[in-house]
Structure formats: C-alpha cells, structure tokens
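A.B. asks: my questions concern the predicted model and sequence given below.
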Amino acid sequence: MSLSAILTEAYNFFRNHISQLAILTVPILFIQVGIQMWLGMEINSADLENPQFGASHMVAMIVLLLVFSVLIASLTLFMEVRSHGHEPSNAMILKTSFSFVPGLLLAGVFSGMAIIAPVMLFAAFGPLWLIGLVMSIYIFARLAYVNFMVVVERLTPLTAIKGSFKFSGPIVFKTLLLLMIYIPFSLFGGALSSLAENVGLPLMLIVEVIVAFFGLFVNVALFRLYMVSRPNIDEQV
C-alpha cells in the first residue's frame, strides 16, 4: 500500500473516531503533559553548577513512564478493536490496557537504551556525534512497532524488540517518512506554547495537550502501516 493511501486511511480513522479518541486519551494526556511541564520547570530553575535530582523528581519520572505506557496501550487497543469492527467502551479499553503496562515499560526501557546508545557512544568523538544521531534515528524507525507487537501480538518485550527490528526492514523508509510528521507538529506546538506562555500556565497546559492529542495521528498512521504489513510477521519473528 502506498504512503498516500496509508495517510488517507489514517486521517479518515482519526477524523471518524476523534470524539471517542479524545474522551479516551485527553485525560491521560493532561496528566502526562502536566508532569512534563513540571519537570521542565524544575530543570530550568536548577543550578547548572550543582543540579539536584531528588526523590520527587524520580517519582515524577516513574509516574510519567507509567502514564505514557497506559496512553500507548489504550490507544493501540482502541485502534486494534476498532479495526476489527468492535465497539467496546472506553472504560473497558482503559481497564484492559493496564495489563500491558509492565511489558510496555520494559520494552520502552530496552528500546530507549538501544536508540540512545549510538549518540552517547559517538558523542565522545566530537563531530562524530552526528553519525550517532543518524544511527539513533534509524534504530528508532526500526523499533517503531515494538509497542504494537506487545499489545497486538502479545509478545514479550525482548521478542517484540527483535520482531520489530526484523519486521520493519522492508518498510523502514515509509516508517521514517511517517515519523517525520512529528517535526511540523513539534514546530507548530512550540510556537503555540510560546504564545500561550505569555498568557499563563493553564492556557499553556491546554495548548500542549491539544498539540499532543493531534500528534497521536502519527501513531494512527504507523499502526495502519503495521496492520497492512502484518502478513509477513510470522516469517519475521
């Protein structure tokens, strides 16, 4: 399936289910974005010569990871059941999503380490960090389907990572192009956040949540690409 067809179907799905998606994900996004904003303010106000990272920051990071895992699990479950024509309630989707949180957490930690490793290693060699950055972006694209495999295929974290890396090989270019949609979302969101910051924190939070919600379109597009490419998954894993 062509990339334009993938984007068209993803757009139609997002538009047709935007109300239920909003009811399901926006409350979670308010928690996630709120924690991110608090951590950002803590970092900006920290002493650069003697930064302090306390227990409250550690707890916030753990809660942030948990909330993000619930968000991804809920969104993926919603897309999966709707793609099969089922219409479960948001409460049922949210309740079911909690069982996938441990697997998603472990998969996220392992994937994150694999993605950031090239940048960290090449950073020791000055300008070569750009090579590490390119490698990290490539690995990120190859591991873009780990969360889907944990939730849809019910794979263990390590098996999902291995499966995603093999599965994404033939579609890595399309995956990279879909991931690039995050760039305009980020630029537009940053501009809106700068304007909202002059008004006040509540408006800034609302703007950040709205931008994050529409940014979920990238997940919808990736999921559609994943679903149409799944016939080969048994050969890949």
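C.D. replies: Alright, I've got the coordinates. Just so it is clear, the model here is predicted, and its values are computed rather than measured.
A.B. asks: after the helix or strand where residue 176 lies, next one along is what?
C.D. replies: Per DSSP states H and E: residue 176 is located in helix 172-179. Later in the chain than helix 172-179, the nearest helix or strand by DSSP H and E is helix 182-197.
A.B. asks: average pLDDT across that following helix?
C.D. replies: Mean per-residue pLDDT for helix 182-197: 85.
A.B. asks: low-confidence ranges in this protein?
C.D. replies: Counting by pLDDT under 70, the chain has low-confidence residues at 46-52, 231-237.
A.B. asks: what sits up against the helix holding residue 176?
C.D. replies: 3, 6-7, 137-138, 140-142, 144, 168, 218, 221-222, 225 (Cβ atoms under 8 Å, 6 or more residues apart in numbering). From N, CA and C alone the C-beta is placed, and that goes for glycine too.
A.B. asks: residue 96 contacts residue 77, correct?
C.D. replies: Yes. Proximity of residue 96 to residue 77 meets the contact threshold set by Cβ atoms under 8 Å, at 6.0 Å.
A.B. asks: neighbour count winner among the two?
C.D. replies: Neighbours per residue (other Cβ atoms under 10 Å) separate residue 96 from residue 77, with residue 77 holding more: 21 against 15.
A.B. asks: grab the nearest non-local neighbour of the more buried one.
C.D. replies: Counting by Cβ to Cβ, 6 or more residues apart in numbering, residue 77 lies nearest to residue 93, which is 5.1 Å off, once chain neighbours are set aside.
A.B. asks: residues in contact with that neighbour?
C.D. replies: 24, 74, 77-78, 81.
A.B. asks: which residues of the chain fall in helices?
C.D. replies: Applying DSSP state H to the chain gives helices spanning 3-16, 18-44, 55-83, 90-97, 101-122, 129-142, 146-151, 157-167, 172-179, 182-197, 201-229, 233-236.
A.B. asks: what sits closest to residue 120 if chain neighbours are left out?
C.D. replies: With Cβ to Cβ, 6+ apart, the residue lying closest to residue 120 is residue 132, at 7.3 Å.
A.B. asks: that neighbour - how many residues pack around it?
C.D. replies: 19.
A.B. asks: ok, it to residue 4 distance?
C.D. replies: 32 Å (Cβ to Cβ, to the nearest Å).
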